[in-house]
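Student: From the sequence below, what's the structure:
(3 chains)
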Amino acid sequence: MIEQGKISYKQLISMIVMTISPTAILYLPTITYKEAKQDGWISILIVTIYAFLVAYIIINLNKMFEGKTIIQYSGKIVGKYFGKVIGFLYCVLYIHLNATVIREFSEVLAGPFMPETPLLFFTIGIMLPSMYGVYKGIEVIARTAQIIFPIFLGAVIIIILLGISDMDFSRLQPILAEGYEPVLKGASRQISWFSQTIILTIITPFTNLPKKIGKMTYIAVILVSIMIILVNISIVATFGGEVELMNYPFLSFARYISAIGSLERLDSIIMFLWIGGVFIKIVILHYCGVIAISQLFSVKDYRIFSIPVGIILIILSNILWGSLTELKESIKMINVPYNTMVQAGIPTVLIIIEKIKRRFVHNEK
Amino acid sequence: MNKYIKKLIDKSVDKSKNNSNNNKNNDNNDNNNNDNDNNNNSNNSSNTDKKISTDLKNNLNYIKKQFGNSHDIIFREINVGSKICIPAVVISINGLVNQNLIDYDLLKRVMHIDIKLKDDFMEYIKKSIITMVDINDINSMDEVFDGILSGESVMLIDGYSSGFRLDTREWKDRGVSQPIIGSVVRGPREGFSETLLTNTALLRRRIKTPQLIFDKVNCGQYTKTDIVIAYIKGIANDKIVKEVKKRISKIDIDGILDSGYIEQLIEDEPFSLFPTIGNTEKPDQAAGKLLEGRIAILVDGSPIALTIPFLFIENIQTSEDYYTRPWYATFTRIIRVLSLIIVIFLPGFYISAQTYNQEMLPTHLFITMAASKEGVPFPAFIEILIMSILFEVLKEAGVRMPKHIGEALSIVGALVLGEAAVGAGFVSNPAVMITALTGIATFVIYSLNDSITILRFGFMILGAAGGLFGMLIGTIFLLLHLVSIRSFGAPYMSPMGPRNNKDMKDTLIRVPLWMMNSRSEVISKNTKKSSTNRFVNKSK
Amino acid sequence: MRNKVILSLCIILQISLLCGCWSKKELDEISILSGIGIDNTDDDKLLLTMQVILHREMKIESQSGKRGEERPTQNVEVIGDSLIDANRNFILQTGRRGYWSHVSVIVIGEELAKKGISPILDVLERDNEIRQRTLVLVAKGEAKEILMGETIDLEVIQAYNIKDMIRIAHNDGKSVKVDLRNYFLMSSKESYSSFIPGINIIQTNGSRNGNIELKDTGIFKENKLVGWFNETETRGLLWILDDIQSCITEVNYPKEKCNSVFIEVLRSRTKVEPVIKNNTLEKIVLNVSASGKIAQSNEYVDITKTKVISEIGKATEEVITKKMIGTIKKGKSLNVDIFGFGEAIYKKNPKLWKEMEEYWEDIFLSIPVEVNVNMEIKRTGLISKSKKDKGM
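Tutor: Purely as a prediction, here's the structure:
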């Protein structure tokens, strides 16, 4: 069945925010601290600018081809053969990225909470609803995102507020102690997250107000950025130098808060609210992957791919990486370059080529 | 149309086709025999549309044969006109008619008055002699039977191929009494009764506009139940009305005994746990929903009206919310949502807190729970499972048992389950407390009663198998499912699913009445209500 | 189609009933620990004293209302090569696994503290059952004995009693409060020095194992115990760290009559300001601003006069200054910068700190520290003047 759903712009905002933020909240503070120390929040500000650029490029590229996804129109820009190659790259991107996310997610759950449980349990557990969601279509995914988004946001804000009494903002000083270099280095680590607005390339045709997409995306990017900065500041303020050592700073933060004397031990509940957010990310990436594959092979009914892709994801997320350390290393070595290239590089190249082509045609006329 | 509906309907079509084929054959044979034997002047006698013959004796024989020897059918043979004495017969069913009405307004008039023979005799009798209010002409045998069986009296006059149908219906009825579900503290206490006309009258009393339309259809092959589709033209969505009518017309079933049958045969999602058609037993609630643009279906013989479309948020709204002031209404809504969450999640939460996630509990609570679990042989899941099942058994017994035994048994139930089980070491105190709380909270929202009981068991299993993670996966599944259901085209979780801020005025909070000035878009196209949008006590 | 549905239902049912749920911790397999004591043994192993909550005792208590004969806690002593090893050996003696999530207090024995607690710290930070809010204490003596000490009747679980003691003592300015997070923060900084409150056993008549009492503060350098701060120095430390919430200070006033006035400090704020001129560190200035009220006065003080109040304020300032300087001296003598001076310099001028970092130890010993206290007495309680004592 051809996807007939339409999502509204508010749903779009929640979908974009929920795609970028959950894993960013969990891992970014450590990654930025390693380079930029307590100036992590400045590097996030810098990355936001980069995210705006990428979003701008993607939106304008989409505007040139209304109603089509990147798999469909990349062929028009660079020719059929290269178009297929690009389409293939995107399929690989979505699936690989999703497998990474699922693996990260299972590690977070397994490590602190249920260490004896094999990872397969968590992987299958989160992929079953994802397959169901993809089968039902984008509208269902968008509505679920709309319902989960305020809960997720509320959970993050509540934790931050509850933990204020333990924060010592002087730990954020001195500002720019080492100069701009570490900050920029820290920023460079985060670019792969912030260019995940790439999902727009697949979802844009399904929105019902194509004109507003630009504004909505920028709002979403700002929201994400604010959320991550707040989380970063609160974690650094609470834990100071220890952040470098922690694997999951947000979890440790949620564990630590104790307000009003008895409002302790919220970590399980908060973490499971966070899982709702990660689920949305997984299901959106799953959906993008399924649509990408079905368009690559020119199959009209994308739904038959939902279960096979789901199974592929389960298998990949379990066998590609052996341990948490391997996962982290691979993220640094493989994910960041590849993702950046496909998420930011390819759209840039495509838009340049297209603009040149159009000007050419225009000039000829 | 939804393929599940199609299947169900096809199945029932097949079933009843087989049954009815035999009957139809018999009928056809009888018709043919009658016609061939006795008929002189009768018109064309097709098998399914037998006309009334002008020979009274033919008609009488035919009718008597159809009814067999049922003793409650009265054939009153009279002579019309005191002087002309044309034979006629009045047929009615004892128990369904108001005999006084027949006596004084029909028989006395027709028998004692000197009626002159005229050309349009039937018209003359109808318009000048018979003094009953509701009288119709009938031309076919089907209408004769319909009339007799619905409690009207049928009068056939010798020599004329049409007859009269007179509304003399009256039977013993429960009357308009307080409904059993949906009792309120403030608000009208009338409830629908089992008679269709009473119910429609109750609705008419409340909505006095000619745009309130009652469309009647007939359903059920043997029961031929009257079903009324009520809607306010101009507010209700025409597409939905058409769809409802279409679906009802496709129903082919032996009998409709209760509105529940209709509900199950036309609903959008027959396999989902959640109802997509609303029930109400109170006319003011039904009237309120009609004013919002919904459609009500009243079924003869059932005091429960169906409302279409039905959204999830309506489970949390009761009619009393609108009659009280907004603060308390909002408060009770929040309590209802809270009890919903308690019912579904609390047992599973308790199980996972005890088994997997002990770090969730505050220390002293944990020690107390561990202490009370000492000596209990079962793990937490089995405990809660046993207690829940026992509670369901008690509940079911309480509903079915005769009133007199009820009170003694409830004491036994409380004693046995509560005290002795704990004392004997079967279950621990927290398990009893949680089951009791959950059980009571189930009744806060009656319309979801069945769904949340099943869900509760499902979440218990998930909590035992996967701790909080398992429960979370279950919640996500539930959410995905709820969001994907549509009730006759309206998304089930609207206004939260597809977020519609204008409609959020009446969900968890209930804004004051003077602020609610639009109808929901998913239900009705006519979204502007005529209401003042500020309260009127400020005089200028 | 129907068969497929039935088959999948059967599979799902089986999976859920199998419940080979790996991470299941049934309540009758675990024992709840409330306090841990870590000691050294002669052959370099760790002796763990684990205080187990006997919840059955507590159930009997709560149900019958009487106090059981025994205390509802029991101490189990386990030996192991490391913390993890000893934890696992716990099962050999009790048949249940220890559950650390509700531990409120970790007591480290004096000898072990002197040897160094770094190996323990790694486990404490890495393990996911141990919560970072657990309080840490160092015992003057053996941790084993502390956990056997008597507790007040109102809080039957001894380790929770200790936690309450520390919490309230910290509120009243009598002791520092260090939980695991604080400790990790302290010991990961540039100066690698930290402190932990101390706890002692005093023998009294009428109790079997002695009563516990909070006493002194243990000072650690590079995770080894190097010295103790006594009560006055602890108070000074709290002043320097801006960790006073309320405390009672005895002030000698009027000096001639050798009488005292007791001031209750209600609010205080301390700021550490390094004074840097010409790219060198001149001195470190501590600015304290506090306000309080008079808790106990004597007959020679006429509180109704403003002059008297300000004199009392000044006298208080002197007392506080003296305490703080005493603390800093002791800190210098032990050569530990637990006051956060290095940090303050880093925050103010990171470049300078980079140059100074290697020599900080020597610089710290010789840097002049100036203390400025500004004390305001705002209130005097319910009465103004004190009554005269006739029998003087």
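Student: which residues of the stretch 101-250 of chain C score low on pLDDT?
Tutor: Scanning the stretch 101-250 of chain C with the threshold set as pLDDT under 70 gives C:153, C:189-192, C:203-208.
Student: Strands of that one, residue ranges please.
Tutor: Secondary structure of the stretch 101-250 of chain C by DSSP state E, counting those that start in this stretch: the strands cover C:105-108, C:135-139, C:193-202, C:211-221, C:224-229, C:247-252.
Student: For chain A, what lies in contact range of chain B?
Tutor: Contact residues, chain A versus chain B (CB under 8 Å from any CB of the partner chain): A:8, A:10-11, A:109, A:113-114, A:121-122, A:125-126, A:128-129, A:132-133, A:136-137, A:139-140, A:142-144, A:146-148, A:262, A:264-265, A:267-269, A:272, A:275-276, A:279. Where C-beta positions appear, they are placed from N, C-alpha and C, glycine not excepted.
Student: now, which of those lie close to chain C?
Tutor: A:Phe113, A:Met114, A:Phe121, A:Glu264.
Student: picking up where we left off before, which among the residues of chain A next to chain B count as buried?
Tutor: Buried members of the residues of chain A next to chain B, scored by 16 or more other CB atoms under 10 Å in any protein chain shown, are A:8, A:10-11, A:109, A:113-114, A:121-122, A:125-126, A:129, A:132-133, A:136-137, A:139-140, A:142-144, A:146-148, A:264-265, A:267-268, A:272, A:275-276, A:279.
Student: picking that back up, ok, which of the strands of the stretch 101-250 of chain C comes nearest C:Ile377?
Tutor: In terms of CB to CB, the element of those nearest to C:Ile377 is strand C:247-252, at 9.8 Å.
Student: For that closest one, enumerate the helices and strands it packs against.
Tutor: strand C:260-277, helix C:306-334 (3 or more CB pairs under 8 Å, 6 or more residues apart in numbering or on different chains; DSSP states H and E).
Student: which stretch among those comes nearest chain A?
Tutor: Chain A lies closest, by CB to the nearest CB, to one member of these: strand C:260-277, at 10.1 Å.
Student: Buried residues of the helix or strand just after that closest one, list them for me.
Tutor: Per DSSP states H and E, strand C:260-277 leads on to strand C:280-296 as the next helix or strand towards the C-terminus. Buried residues in strand C:280-296, counted by 16+ other CB under 10 Å: C:Leu281, C:Ile284, C:Leu286, C:Val288, C:Ala290, C:Ser291, C:Gly292, C:Ile294.
Student: Now do strand C:280-296 and helix C:306-334, the angle between them.
Tutor: Counting by axes from the mean of the first three to the mean of the last three CA atoms, to 10 degrees, strand C:280-296 lies at 130 degrees to helix C:306-334.
Student: Each with direction, which strands does strand C:280-296 pair with?
Tutor: strand C:260-277 (antiparallel), strand C:369-379 (parallel) (DSSP bridges).
Student: CA atoms only for that strand, dumped as PDB, please.
Tutor: Taking Å, rounded to 0.1, in the frame of the first residue of the first chain, the C-alpha atoms of strand C:280-296 are listed here in PDB:
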ATOM      1  CA  THR C 280      51.800  36.000  40.500                       C
ATOM      2  CA  LEU C 281      49.700  34.800  43.400                       C
ATOM      3  CA  GLU C 282      49.900  37.200  46.200                       C
ATOM      4  CA  LYS C 283      47.600  35.800  48.800                       C
ATOM      5  CA  ILE C 284      44.300  34.200  49.200                       C
ATOM      6  CA  VAL C 285      41.500  36.100  50.800                       C
ATOM      7  CA  LEU C 286      38.500  34.400  52.400                       C
ATOM      8  CA  ASN C 287      35.500  36.600  52.800                       C
ATOM      9  CA  VAL C 288      32.800  35.400  55.100                       C
ATOM     10  CA  SER C 289      29.500  37.100  55.600                       C
ATOM     11  CA  ALA C 290      27.200  35.700  58.200                       C
ATOM     12  CA  SER C 291      24.200  36.600  60.300                       C
ATOM     13  CA  GLY C 292      22.900  35.100  63.500                       C
ATOM     14  CA  LYS C 293      21.000  35.500  66.700                       C
ATOM     15  CA  ILE C 294      21.800  35.300  70.300                       C
ATOM     16  CA  ALA C 295      21.100  31.800  71.700                       C
ATOM     17  CA  GLN C 296      22.300  32.200  75.200                       C
END
